[in-house]
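**Student:** Fold the following for me, if possible:
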Amino acid sequence: MLDISEDGRTWVLSGPASSYAVHVTDRDELLHLHWGARIGLADAEALAVRPLPDYWPFESPLDGREEYPVEGGPRFVRPALSVRTAERRGTEWTYEGHDAEDDELRLRFRDGDLAITLHYRMRSATDVVERWVTLDNHGPAVEVLRADSATWTLPDRDTWRLSQLHGRWGAESRLERSALTHGEKVIGSRRGHTGHQHLPWIALDTDATEEHGEVYGCALGWSGSWRIAVAQLPDARVQITGGSGYDDSGLLMLGTGESYTTPVFAGLWSDGGHGGASRAWHAYQRTYVIPSADQDRPVLFNSWEATEFDISEEQQRALAERAAAMGVELFVVDDGWFGTRTSDRAGLGDWTPNPDRFPGGLKPLAEHVHGLGMQFGIWVEPEMVNPDSDLYRAHPDWVQYQPGRKRTEFRNQLVLNLAREDVQEYLWEQLDGLLSSAPIDYVKWDFNRCFTDAGWPDDPYPQRLWVDHVHALYGLLDRLRAAHPRVAFESCSGGGGRIDIGVLGRTDQVWTSDNTDPLDRLAIQHGFSQIHPARVMAAWVTDSPNAMLNQRASSLRFRFVSAMAGVLGVGGDLTKWTERELAEARDWVELYKEIRPVVQRGDLYRLRPPEGGLSAVQYVLGDETVVLAWLQAQRYGEPVPALRLRGLDPAASYECLTTGEVHRGGVLLHHGLRVGLRGDLNAAVVRLKRK
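**Tutor:** Next comes the predicted model:
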């Protein structure tokens, strides 16, 4: 809902529980008024007439109060907008008016020939505020050094605590909370993709618990380099500024008649603690971001850990038959099916089936997989090329490189300059032809190295490749989805290196981490759940001991229950599993299919974090609830602690389908939880249904 004052200079956007208000003064200063619990237009107008503080010259009355600080003028905070022309640098804008359509508000400003539009949208039934900016140039060239999507202003509080998700390859999305101190805390990526080191999300609170207290969160929808700066200013006010690009060295050059639109930087206020904020983010993404989120994702098998590069059609058929017997619904051939790809040293860029390994192409295998009752998927890495490839030999100038410098190779590969239109068209022809050549239902889209030599020698403004690469990626995904609407896509970047609400608007799920150790995954998945829903969180059951990372042994039960917290997959070498293991796996897959709607579409409650001992999560959908619990260690004969469930009707009765017990709402699980929970590294699934 949007309310506008009679003079057209105060606006209030309201959702079910919160409001967001801004005001333009007579001096064309755009001020932030309110973000928090729901207020009315009269409340916002009362806030708008409060005078700004009268500071000494060493401080600015605008700092910490402006809605979108620009470079120049009486400001000392980090500018959200920094532009320059041949004559001048900075911005002095004037307010021109506003437009309102449906749930979107547009505030229009102008600085000479540059039009600046600030967009706000609060979609129905959500408290998420989407913000972005459009720049339209009507005059000589303008260099955009920095154009953040939004600046968020928090209310005055004595202390703040910052939550963020940090990590590295194999250890992504780990939650960290710390006190916010004076100065700036900056997170981001200068790697050309979202990165394993930080997810573009932060949250701030004062004393919130998992289910109680105010939480402010922000999430950026951008899959390239990015930056979020959280500043506690000298007067203790807090502002959050974020957008694409890591530094201010230049985003792009806007010629006459050209425009640029920033990615969305979304914000959320919740008074339901960190859990309430997570559920609001999840509901928002399932409703407005993720394609076809009402359709549950299938159980998949991926061949990588079973075969790596040593693959053949006959071998894949044998794996597919075992996977189908287990109840798998989607069979995926990973790396090694194309070109001369017998190792990571060759073949990237040549997206045609290897004639020795697949003499008839992929179609015979895909049809065999379909005949087994499964969908068929493949792995690709379109943005990369090996120097040992037909593509590179024909077009060595198609990669990112700096003239006169060595071309850095990570994983024996280079990054294609996707900003080039000829590269975009080549990839479109290759991928469209591939998806048309066989009944392919799923594409795992990987990105296995960062930008290092991000140069474009022939372009007059080579810095633009950082932004244009991402726009080209989005455009290619959009074009492929339109041409092949039945094909699902997964975003992967060596695990969780490209996860954000931008890429999630174009893919059906994400690969959370290359780390498939089920114990490590509990912390990774706990962090992931702070912002993203289980519906997109791919998780695999692989062999034990975990050969890739730590050689830790774990039971099949623990591996399955860990992976059942998201989109279940299997990645082990099924030809080496015993008949007993295959039979047990069939039972787990069957159970997952029964609970899948609740896990993938239900409201998530984190009952106990994975900090040692017992950890557990709960999902609630309609009359059903599912609890997944993991016992990491049991010492001194201590009993398994009870869990008090959440999100249930306290006046209703619930039957525990695991034990047959009947509980009242607000149920305290103990006996039902103990089923399967003894010793170390064990797990349990508990199901309840309203009577």
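**Student:** who touches the residue nearest the centre of the chain in this structure?
**Tutor:** Centre of the chain computed as the mean C-alpha position; nearest residue by CA atoms, centre = their mean is D500, 2.6 Å away. By CB atoms under 8 Å, 6 or more residues apart in numbering, the residues touching D500 are T194, L199, P200, A219, L220, G221, W222, S223. Just so you know, the C-beta spots here come from the backbone N, C-alpha and C atoms, and that holds for glycine as well.
**Student:** Now with 7 Å, please.
**Tutor:** T194, P200, L220, G221, W222, S223 (CB atoms under 7 Å, 6 or more residues apart in numbering).
**Student:** Looks to me like it is in a strand.
**Tutor:** No: with DSSP: H, G, I helix; E, B strand; the rest coil as the criterion, D500 is assigned coil and is not in a strand.
**Student:** Let's see the pLDDT reported for it.
**Tutor:** Reported pLDDT at D500 in the predicted model: 98.
**Student:** For the chain, which segments count as helices?
**Tutor:** 41-48, 273-288, 304-307, 313-326, 363-371, 390-394, 421-437, 465-483, 518-528, 556-563, 579-601 (DSSP state H).
**Student:** Can you tell me how far the closest residue to Q509 other than its chain neighbours is from T206?
**Tutor:** Distances taken as CB to CB, 6 or more residues apart in numbering put V536 closest to Q509, at 4.6 Å, once the chain neighbours are dropped. Note on V536: its distance to T206, by CB to CB, to the nearest Å, is 30 Å.
**Student:** Counting neighbours, go ahead and name the busier of the two.
**Tutor:** V536 (27 against 15; other CB atoms under 10 Å).
**Student:** Return the residues in contact with the more buried one.
**Tutor:** By CB under 7 Å, 6+ apart, the neighbours of V536 are I290, L504, Q509, V510.
**Student:** let's see it at 8 Å
**Tutor:** By CB under 8 Å, 6+ apart, V536 lies in contact with Q285, I290, R297, L504, T507, D508, Q509, V510, G566, V567.
**Student:** swap in P650?
**Tutor:** When the contact criterion is CB under 8 Å, 6+ apart, the partners of P650 are R664, G665, G666.
**Student:** what's the answer for P16, then?
**Tutor:** A125, T126, D127.
**Student:** Quick check: strands, which of the residues you listed are part of them?
**Tutor:** Judged by DSSP state E, the contacts of P16 include no members of strands.
**Student:** Turn these into CSV, including pLDDT, distance to F489 and neighbour count.
**Tutor:** Shown next, in CSV, are the contacts of P16 (pLDDT from 0 to 100; distance: CB to CB, whole Å; neighbours: other CB atoms under 10 Å):
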residue, pLDDT, distance to F489, neighbour count
A125, 93, 27, 10
T126, 96, 25, 22
D127, 98, 29, 25
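**Student:** and which of the residues you listed is nearest K689?
**Tutor:** Of all the contacts of P16, A125 has the smallest distance to K689: 26.2 Å, by CB to CB.
**Student:** How much space separates the closest one from I290?
**Tutor:** On the measure of CB to CB, A125 and I290 end up 16 Å apart.
**Student:** Likewise for L477?
**Tutor:** Distance, L477 to I290, using CB to CB: 14 Å.
**Student:** of all the contacts of V536, which comes closest to E329?
**Tutor:** Set against E329, the nearest of these by CB to CB is R297 (9.1 Å).
**Student:** Show the contacting residues for V369.
**Tutor:** By CB under 8 Å, 6+ apart, the neighbours of V369 are A320, F331, Q375, F376.
**Student:** Contact partners for H670?
**Tutor:** Applying CB under 8 Å, 6+ apart, the residues near H670 are V640, A642, L643.
**Student:** L681 too?
**Tutor:** Applying CB under 8 Å, 6+ apart to L681 gives the contacts P518, L519, S554, S555, F558, W630, L631, Q632, A633.
**Student:** go on, K185?
**Tutor:** L162, A229, V230, A231.
**Student:** at 6 Å instead, please
**Tutor:** By CB atoms under 6 Å, 6 or more residues apart in numbering, K185 lies in contact with V230.
**Student:** in the stretch 551-691 of the chain, what spans have low per-residue confidence?
**Tutor:** 636-637, 671-672, 674-676, 678-680 (pLDDT under 70).
**Student:** what comes into contact with stretch 286-297?
**Tutor:** Stretch 286-297 is contacted from outside by R123, I501, L504, G505, D508, Q509, P533, R535, V567, R596, P597, Q600, using CB under 6 Å, 6+ apart.
**Student:** Can you list the buried residues in it?
**Tutor:** R286, Y288, V289, I290, A293, D296, R297 (16 or more other CB atoms under 10 Å).
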